[in-house]
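Trainee: Compute the structure for the input listed below.
(one chain, ligands or ions: 1)
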Amino acid sequence: MKFFIDTANLDQIKEAQDLGVLDGVTTNPSLMAKEGITGEVNIKKHYQAICEIVTGDVSAEVIATDYDNIIKEGEELAALHDQIVVKVPMIKDGIKALRYFSQKGIKTNCTLVFSAGQALLAAKAGATYVSPFIGRLDDISTDGLNLIAEIRQIYDNYAFETEILAASVRHTMHVIDCAKIGADVMTGPLSSIEGLLKHPLTDIGLEKFLADYNKGNQ
Ligand code: G3P
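Mentor: Sure, this is the predicted structure:
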């Protein structure tokens, strides 16, 4: 299972990278705005800065919603760095653009996916990644993890190569449940990754080992 971090915060990206378990980064316009990064030039510079920190895929989202401009913007983003994955929304022109990018060898991430049908279409169009937003489904009393399971079954039935990137992951249990179901990738906040570390018995056990070791040194 690949671990991506879902943020545009460079300090958090560095922290996750230093942990040695980071496989990539996802961003979106809201995450950029949260860091105060606005305007095309600044946003592009920020993508490059992220690519300098990590070694894996970095999703960069197009703003355009019509085919010609999705292509133009996506090609510009892809030219920024060879780690860039063009993030395209799940809309009709987005599906056409996924096919175009796939034929050009440009990696893509189809975003804002909320149903198995949308995920099937993204795979047919040749998306590299599909991003079902599980947290946002949970927010409206719909089982986000069930969507991951449905997509896993469909992709396995036909050996689609599109990777399931569980997005809108909010906490550690989402990560564990996605791993059980077989999501290829999860993207979440740093806290969802660091939460995997925690167990009180680990802390108690370590404290006891250290105390017993120190007894011998008194
Ligand atoms: O990866 C998708 C993500 O950025 C959305 O997360 O928490 O805003 O639903 P959230």
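
Trainee: what about the longest helix seen in the chain, distance to the chain center?
Mentor: Once the chain is assigned using DSSP state H, the helix that runs over the most residues is helix 200-216. Centroid displacement of helix 200-216 relative to its chain, using C-alpha atoms, centre = their mean, to the nearest Å, is 37 Å.

Trainee: element containing the most centrally placed residue in the chain, please.
Mentor: For the chain, the residue nearest the mean C-alpha position is T187 (3.5 Å; C-alpha atoms, centre = their mean). Assigned by DSSP states H and E, T187 belongs to strand 185-188.

Trainee: how about that strand, does it reach the ligand?
Mentor: Yes - for strand 185-188, a contact with the ligand is found by C-beta under 6 Å from any ligand atom, at T187. To be clear about C-beta, it is placed using only N, CA and C from the backbone, and glycine gets the same treatment.

Trainee: follow-up on the earlier one: what's in contact with the longest helix of the chain?
Mentor: For helix 200-216, contacts defined as C-beta atoms under 8 Å, 6 or more residues apart in numbering pick out no residues.

Trainee: Grab the CA positions of it and hand them over as PDB.
Mentor: Coordinates of the C-alpha atoms in helix 200-216 are reproduced here as PDB (Å, rounded to 0.1, in the frame of the first residue of the first chain):
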ATOM      1  CA  PRO A 200      -0.200   2.500  25.000                       C
ATOM      2  CA  LEU A 201       1.300  -1.000  25.500                       C
ATOM      3  CA  THR A 202       4.200   0.000  23.400                       C
ATOM      4  CA  ASP A 203       4.900   3.000  25.600                       C
ATOM      5  CA  ILE A 204       4.400   1.000  28.800                       C
ATOM      6  CA  GLY A 205       6.600  -1.900  27.500                       C
ATOM      7  CA  LEU A 206       9.400   0.500  26.400                       C
ATOM      8  CA  GLU A 207       9.300   2.300  29.800                       C
ATOM      9  CA  LYS A 208       9.700  -1.000  31.600                       C
ATOM     10  CA  PHE A 209      12.500  -2.300  29.400                       C
ATOM     11  CA  LEU A 210      14.400   0.900  29.900                       C
ATOM     12  CA  ALA A 211      13.800   0.900  33.700                       C
ATOM     13  CA  ASP A 212      15.000  -2.700  33.900                       C
ATOM     14  CA  TYR A 213      18.100  -2.000  31.800                       C
ATOM     15  CA  ASN A 214      18.900   1.000  34.100                       C
ATOM     16  CA  LYS A 215      18.600  -1.200  37.200                       C
ATOM     17  CA  GLY A 216      21.600  -3.200  36.000                       C
END
